[in-house]
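J.: Next comes the sequence, and after it the predicted model I'd like to discuss.
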Amino acid sequence: MKTVVSYKRIWQVAYPIILGSIAQNLIVFTDTAFLGRVGDIALGASALGGLFYLAVVMLGFGFGTGIQIIIARRFGENNLKAIGPVVIHALLFLLMVAVAAFVLLHFGSVWMLKSAVKSEAVYLSTIEFLKFRSFGIFFAFVNITFRSFYVGLTKTKVITYTTIVMAVVNIVFDYLLIFGHGGFPEMGIEGAALASVMAEASAILFFMAYTHITIRYEDYNLLHFSSLSFRSLHDIFRISIPMMLQQFVSLSVWFGFFLFVEKLGEQSLAVSNIVRSIYMIIMVPVWGFSTATNSLVSYLIGMGRQSEVMSLIYKTALMCFTLILIPVGLTVLFPDAFLHIYTNDPGLVSLGIPVMYVVSLGGIFVSIGFVFFSGVSGAGMTKTSLIIELFILTIYLVYTYSMVNFFKTGVTGAWTAELVYGLLMFLISWPYMKSNLWRLSRV
């Protein structure tokens, strides 16, 4: 039987997310490029502050991924009326989480980072960054709800449009607020944080307008809400909470990775922030195809086409691997050119080139492993995916700590942890999907 999901259909779902990810990474790219002209302290502090913020945002993003899987399953079942209540309950829950997240970011970061960051200058700049950046958490969580709704329906073009709006707003206000152009105050790292908040707010306005114009609310029961249903919340939590924890732990571990690197010195931290920005660009195809895998696997299962799931994953992995060769090839051939975008310091460029080679190779490993891993969660086995992630991240942290503290390999050796991560992701997820244990899932 011919598979429902062709290469063309996979690409139709994935490419708007990929384009959206490119625009999203323009925000990181812009912040890093501008702050690289401010100084190493600002560059390092924005890395730590940005990762701390992102780790908290991943609570919402992970929950949103679970919601996306549920919506895709209902879409595959043609049970459209059940989608609206899922979206509304998710939004209410995420807004409650946003309040707690704001308190953590705005107030808790002062004492949480005090003992963790070695450099007093980096610590103070990080707190300045988070003072403004923390307000974006409310906008981010609403955006996550919209994103989950559209990706679950495989209507992903809006992701591209919204993220382009975010990128444009961020670039403009980065320029105005970091350096004080156009009559705006010169705010430095605080300006970068405020610009990102304004970009997230603009995305909500676009999502709302797009939804009002293109979506028939009655088709999905989007405006039908009488009372909070704890049974509905329980069903959502069962799938989404493991994804929520998984994403939070994953980014928290990467934050821990940067704390290890910070012990190597301010220059190593600055280089790692630059490389992180470039690595996120390399990983753009991975995010797109992994998100598509989550939704399409759940959609297929909802249609009762479980026999086609592995074919879908193999096709998606091949497409992801092929596409990632483009950014990997560019960064391997022209590493100094990429580094010079962020800094003119010859010491940082020299230190960063070998790290660039490592993360480029790591991107290839992760591109394959992450697609298979997304198949596990897309099948609804989110508790299993959480266990897999916890196991791999434990090894990741132990490996990084050993490379930095025992083997004294420096910043290049620390970044080889990405190769370990990608390889383990594939070696565990592929056999699990082949075992067909995922067929036991209920969403």
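T.: The structure has been received and is ready for your questions.
J.: Using CSV, list the CA coordinates for stretch 426-443.
T.: Below are the C-alpha coordinates for stretch 426-443, written out as CSV (Å, rounded to 0.1, in the frame of the first residue of the first chain):
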residue,chain,number,x,y,z
PHE,A,426,20.1,7.3,17.5
LEU,A,427,21.5,4.1,19.2
ILE,A,428,18.6,4.1,21.7
SER,A,429,15.7,5.5,19.7
TRP,A,430,16.1,3.4,16.6
PRO,A,431,15.9,0.0,18.3
TYR,A,432,13.0,1.2,20.4
MET,A,433,11.0,2.2,17.3
LYS,A,434,11.9,-1.1,15.6
SER,A,435,10.6,-3.0,18.6
ASN,A,436,7.1,-1.8,18.0
LEU,A,437,6.6,-1.1,21.7
TRP,A,438,5.2,2.3,20.7
ARG,A,439,2.1,0.6,19.4
LEU,A,440,0.9,0.3,23.0
SER,A,441,0.5,4.1,23.3
ARG,A,442,-2.9,5.7,24.0
VAL,A,443,-3.4,9.4,23.3
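J.: ok, and for it, which residues are buried?
T.: Buried residues in stretch 426-443, counted by 16 or more other CB atoms under 10 Å: 426, 428-430, 432-433, 438, 441, 443. (Each C-beta comes from the backbone N, C-alpha and C, glycine too.)
J.: Tell me how far Thr291 lies from Leu251.
T.: 16 Å (CB to CB, to the nearest Å).
J.: Which one's more surrounded, the two?
T.: Taking neighbours as other CB atoms under 10 Å, Thr291 and Leu251 compare with Thr291 leading, 24 against 21.
J.: if we can go back for a sec, for the buried residues of stretch 426-443, which one is nearest Val5?
T.: Nearest to Val5 out of these is Met433 (CB to CB; 15.4 Å).
J.: Next up, the contacts around the closest one.
T.: Contact partners of Met433, counting by CB atoms under 8 Å, 6 or more residues apart in numbering, are 309-310, 313, 372, 375-376, 379.
J.: Could I get the pLDDT score of it?
T.: Confidence at Met433, expressed as pLDDT, is 96.
J.: Where does the residue lying closest to Leu393 once chain neighbours are set aside fall, secondary structure wise?
T.: Distances taken as CB to CB, 6 or more residues apart in numbering place Val253 nearest to Leu393, at 4.6 Å, with adjacent residues excluded. For Val253, the host element (DSSP states H and E) is helix 230-262.
J.: Tell me which other helices or strands that helix touches.
T.: The contact analysis (3 or more CB pairs under 8 Å, 6 or more residues apart in numbering; DSSP states H and E) places helix 230-262 against helix 40-76, helix 83-103, helix 266-282, helix 382-401, helix 410-415.
J.: from what I can see Tyr7 touches Ala317, true?
T.: No: under the criterion of CB atoms under 8 Å, Tyr7 makes no contact with Ala317, lying 11.9 Å away.
J.: okay, those two: which has more neighbours?
T.: Neighbours were counted for Tyr7 and for Ala317 using other CB under 10 Å; Ala317 has more, 23 against 12.
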